[in-house]
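*Asks:* only geometry, no sequence info:
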């Protein structure tokens, strides 16, 4: 394989400039949920691809546009680079630095880092990917593989218009594999590889006064709670029927489609259990204990193969300072289900609806956001093997997970484009969807080396 | 008794000016929960009493001050006029007119009204009370009774510093009775008299991540809900243990202290049931049905003698637009208990704490706001009889309720000052603690007549 030392030296020499590009990406807010800075961010991505000599367009969708493009290097193999340019809101969060300033902070546990919304999830990796393509072109004149780009603006909204885009542009998106670049080292530096992702179904439930009772259009004086029903109690009861005290989901048929881990997956779980460190995980997620008294492979099996019914947010009535007695007319909850292998979002929707309709047909309103199923690639795929070789060469043996606990719409690449996908890259970040999201600066440098090496490994795979 | 026609004519002649005083009172915001306009409102009340020739002071408390004063008319009898100058917040409410503009609106069901925060509860009646005192002085040179004033600024906060004030000023507050002026006609114009009030205990419950699990200091990525506990589910379960599907409170000992209605009260209930109109009540509270399949005296018995455990507000996690997957670290709920005869707030607090501590000693935090017990006066008290005669003379037979479903700290007058109390006054208002709180303009004029007559009736009682 090509000697990569010149590339690594170029990355090191250009890294101050590379870091400025990364900071520039996070300084441009792009909050899809609130519609902040989306067009500007899409243009920044498009222009960055064009500066690399690629073609690039901003394709409109019914929501936020998709930036797509290509760099034809005249090579045998082609890689589809999937990414996203949107980030989560910061509303109600308390940050140590402004979330869109791209400031460097020396974090006690991980060292010099950029603390900003999107630095980890995922404008840091996206900008780093562009950096490494630039370095390769500087050192080697052309890329080792042809690349295509699909950078969506609605990942944090459940990628609701990505399916439409992928279907419409199917003929132009052919590639040997899809690659999603991400910082994949944990807090102790251990490199991790995920072979798949969970699916997700996000939804919102509203309970209002109606035929069952309760105030219909406005909150009323709290003294009426003695004889007029309260939607908050009705919601509490409805939620109480959905999950039991042992965290088992009580929605009929909810577990029916789930398949047990395959032999390959069980082998991965057993292997994972050897290096899996529960304390690191608990520290990352700010918790003292897991909700199951399990350890090793049994805990990992729950983590990866158990569907989740989560309360993301709940609100209703008077939530301001001090006392206000009120009988509210509406209480709402945002929830999500994480879909494990073989669960389909439409079945999940049907079962949730059937469950809530058994409680009350007309009075509990459910709004489903667009959901998608899980997806995975075999460890034996050449693209996955190229990533494993990359990580081994730069950092040592990776920890291989059957899939991520998080969700991404990779089913589109597997099912629609019929491509294996791989996600990876060295580097470390944390606190996605939380205040003080960060990524380490040393990790970003290593990320660029790893992505560079991966492209060469994949070219020769 | 004195011929009241000259007084009524004076009220009518001066009513445009009177209405401007009322509008001036509601145009001065005085939101005790948010600390908005409180000093200004206290000064307005003090200055109004002084302009009537009374003495008046603003007495500091650890919270918002109490305005107190007196007009010595050299009469045999003395009435303590209790009122409040604070109002509820309007945060998050959608109003047809700005809530502090004092605007007149022709409401389809009740006619020309002032729509403003506090017009009904209770700066409208307070300003109207001052108006009628002014008219009496203009017509009769001196009032038929001596009056003392106690106008607090924390009624909407549970009157937390009124007990301290009453105890400290006990010697100066002696009177033959306490009077609380209020608009007491329902939407159909029927005059109502309440002989008492419920007590209240307001509290807030917070569930955070801790030893039981859950994120401790920040929300984390929602995918972790599969193995890290969610405070929202923990709160849902805790709430689920407090009230069963039949709306029975499941807190041990909660019903122990409650006494059955007395013979006098049962007689009132039976009488009430004859004129009680459930449809009017449902329309007032914007509901299609009551939560009990009861009617007549049985429904009224529930309404007045059943304690309530209400959810005033609930919130936690992501509550903004669109999707955000989040495992929240804290979820909170504001609740209140309405105390019926013979319940004491300290017993209620003990039982709630014991219940929640049985679920989890350290992880569920409870903050109790100051509470107070219920209070009542016998229908046979001279002050009550004077009000009944007043209503009969001006409007016809009043509907007499053993007590209000709402709460007020009248136990202070009964227990500490040892005075009977009466609340009353003609007039109609609605939507207290809600958007578009209103009171009718015709009702305000009638209110002034009724309060004037009551003072003369009481003087001769």
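*Replies:* Yes, it's here. Keep in mind that what you see is a predicted model, and the values were worked out from it rather than measured. Residues are numbered from 1 along each chain as shown, chains lettered A, B, ... in the order given.
*Asks:* Quick check: closest non-adjacent residue to residue A:323.
*Replies:* In space, and not counting its chain neighbours, residue A:323 is closest to residue B:202: 4.7 Å by C-beta to C-beta, 6 or more residues apart in numbering or on different chains. In this view, the C-beta of every residue, glycine as well, is placed from N, C-alpha and C.
*Asks:* Okay, and the beta partners of that neighbour?
*Replies:* Residue B:202 forms beta bridges with residue B:336, as assigned by DSSP bridges.
*Asks:* which one is the one residue in the stretch 1-150 of chain A that gets nearest to chain B nearest to, not counting chain neighbours?
*Replies:* At 3.7 Å from chain B, residue A:33 is the closest residue in the stretch 1-150 of chain A, using C-beta to the nearest C-beta. Spatial nearest neighbour of residue A:33, excluding adjacent residues (C-beta to C-beta, 6+ apart): residue B:322 at 3.7 Å.
*Asks:* can you tell me the helix or strand for the one you found?
*Replies:* Secondary structure assignment for residue B:322, by DSSP states H and E: no helix or strand.
*Asks:* Does it touch residue A:154 like I think?
*Replies:* No - taking contacts as C-beta atoms under 8 Å, residue B:322 lies outside contact range of residue A:154: 9.7 Å.
*Asks:* higher neighbour count, these two?
*Replies:* Higher neighbour count among residue B:322 and residue A:154: residue A:154, with 27 against 21, using other C-beta atoms under 10 Å in any protein chain shown.
*Asks:* Identify the residues contacting that one.
*Replies:* Residues counted as contacts of residue A:154 (C-beta atoms under 8 Å, 6 or more residues apart in numbering or on different chains) are A:32, A:61, A:63, A:64, A:84, A:86, A:160, A:161, A:162.
*Asks:* hang on, the earlier thing: who touches both of residue B:322 and residue A:154?
*Replies:* residue A:32.
*Asks:* Burial check on residue A:438, number of neighbours?
*Replies:* Residue A:438, neighbours per other C-beta under 10 Å, totals 24.
*Asks:* Check whether it really touches residue A:109, as I assumed.
*Replies:* No - look at residue A:438 against residue A:109 with C-beta under 8 Å: they stay out of range, at 10.1 Å.
*Asks:* State the distance from residue A:87 to residue A:27.
*Replies:* According to C-beta to C-beta, to the nearest Å, residue A:87 and residue A:27 sit 12 Å apart.
*Asks:* ok, those two, which is more surrounded?
*Replies:* Per other C-beta under 10 Å, whichever of residue A:87 and residue A:27 has more neighbours is residue A:87, with 31 against 17.
*Asks:* Give the bridge partners for the more buried one, please.
*Replies:* Here residue A:87 sits in beta bridges with residue A:31, going by DSSP bridges.
*Asks:* Does it touch residue A:157 like I think?
*Replies:* No - contact status for residue A:87 versus residue A:157: not in contact, 11.2 Å apart, counting by C-beta under 8 Å.
*Asks:* where in chain A is pLDDT low?
*Replies:* By pLDDT under 70, the weakly predicted segments of chain A are A:361.
*Asks:* Does anything pack onto the top helix by length along chain A? Which helices or strands?
*Replies:* Criterion DSSP state H: the longest helix present in chain A is helix A:5-27. If you count contacts as 3 or more C-beta pairs under 8 Å, 6 or more residues apart in numbering or on different chains; DSSP states H and E, helix A:5-27 packs onto helix A:38-51, strand A:111-115, helix A:123-140, helix A:441-459.
*Asks:* near chain B, which residues of the stretch 1-150 of chain A show up?
*Replies:* Neighbours of chain B within the stretch 1-150 of chain A, by C-beta under 8 Å from any C-beta of the partner chain: A:32, A:33, A:34, A:88, A:89, A:91, A:92.
*Asks:* Now for the residue sitting furthest away from the middle of chain A: which residues touch it?
*Replies:* Distance from the C-alpha centroid of chain A, by C-alpha atoms, centre = their mean, peaks at residue A:227 (45.6 Å). When contacts are counted by C-beta under 8 Å, 6+ apart, residue A:227 touches B:290, B:291, B:292, B:299, B:302, B:303, B:405.
*Asks:* Same check on residue A:311?
*Replies:* Contacts of residue A:311 (C-beta under 8 Å, 6+ apart): A:239, A:333, A:334, A:335, B:230, B:232, B:233, B:236, B:317, B:328, B:331.
*Asks:* Can you select the buried ones from those in ChimeraX?
*Replies:* In ChimeraX, a selection of the buried entries from the contacts of residue A:311 looks like this (16 or more other C-beta atoms under 10 Å in any protein chain shown):
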select /A:239,333,334,335 /B:230,232,233,236,317,328,331
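*Asks:* Which members of the contacts of residue A:311 are positioned in helices?
*Replies:* Members of the contacts of residue A:311 lying in helices (criterion: DSSP H): A:239, B:232, B:233, B:236.
*Asks:* which residues of the stretch 251-400 of chain A fall in helices?
*Replies:* A:263-275, A:278-284, A:296-305, A:345-359, A:382-394 (DSSP state H, counting those that start in this stretch).
*Asks:* Report the distance from the fourth one to the chain centre.
*Replies:* Translated: helix A:345-359. 25 Å (C-alpha atoms, centre = their mean, to the nearest Å).
*Asks:* Just want the angle from that helix to helix A:231-240.
*Replies:* 130 degrees (axes from the mean of the first three to the mean of the last three C-alpha atoms, to 10 degrees).
*Asks:* what's helix A:345-359 in contact with?
*Replies:* If you take C-beta under 8 Å, 6+ apart as the criterion, helix A:345-359 is touched by A:199-201, A:203, A:205, A:237-238, A:241-242, A:251-254, A:257, A:337, A:339, A:364, A:366, A:368, A:371-373.
*Asks:* Can you list which of those residues are found in strands?
*Replies:* Per DSSP state E, strands hold the following members of those: A:199, A:200, A:201, A:203, A:205, A:337, A:339, A:364, A:366, A:368.
*Asks:* what about the second one, how many residues close to it?
*Replies:* Translated: residue A:200. Neighbours of residue A:200 under the rule other C-beta under 10 Å: 29.
*Asks:* Quickly note the distance from it to residue A:460.
*Replies:* Counting by C-beta to C-beta, the gap from residue A:200 to residue A:460 is 36 Å.
*Asks:* Any idea what residue A:317 is bridged to?
*Replies:* With DSSP bridges as the rule, residue A:317 is bridged to residue B:313.
*Asks:* Is it in contact with residue B:334, as I believe?
*Replies:* Yes - applying C-beta under 8 Å as the test, residue A:317 and residue B:334 come out as touching, 7.2 Å apart.
*Asks:* which neighbours do those two share?
*Replies:* With C-beta under 8 Å, 6+ apart, residue A:317 and residue B:334 have common neighbours B:311, B:312, B:313, B:314.
*Asks:* ok, which pair from these is furthest apart?
*Replies:* Pairwise distances across the shared contacts of residue A:317 and residue B:334 peak at 8.5 Å for B:312 and B:314 (criterion: C-beta to C-beta).
*Asks:* mind listing what residue A:386 touches?
*Replies:* A:422, A:454, A:457, A:458, A:461.
*Asks:* now swap in residue A:57 and tell me
*Replies:* Residue A:57 touches A:46, A:67, A:68, A:69, counting by C-beta under 8 Å, 6+ apart.
*Asks:* Checking the third one next. Helix, strand or coil?
*Replies:* When the structure is reduced to helix, strand and coil (DSSP: H, G, I helix; E, B strand; the rest coil), residue A:68 reads as strand.
*Asks:* Sweet, I'm off.
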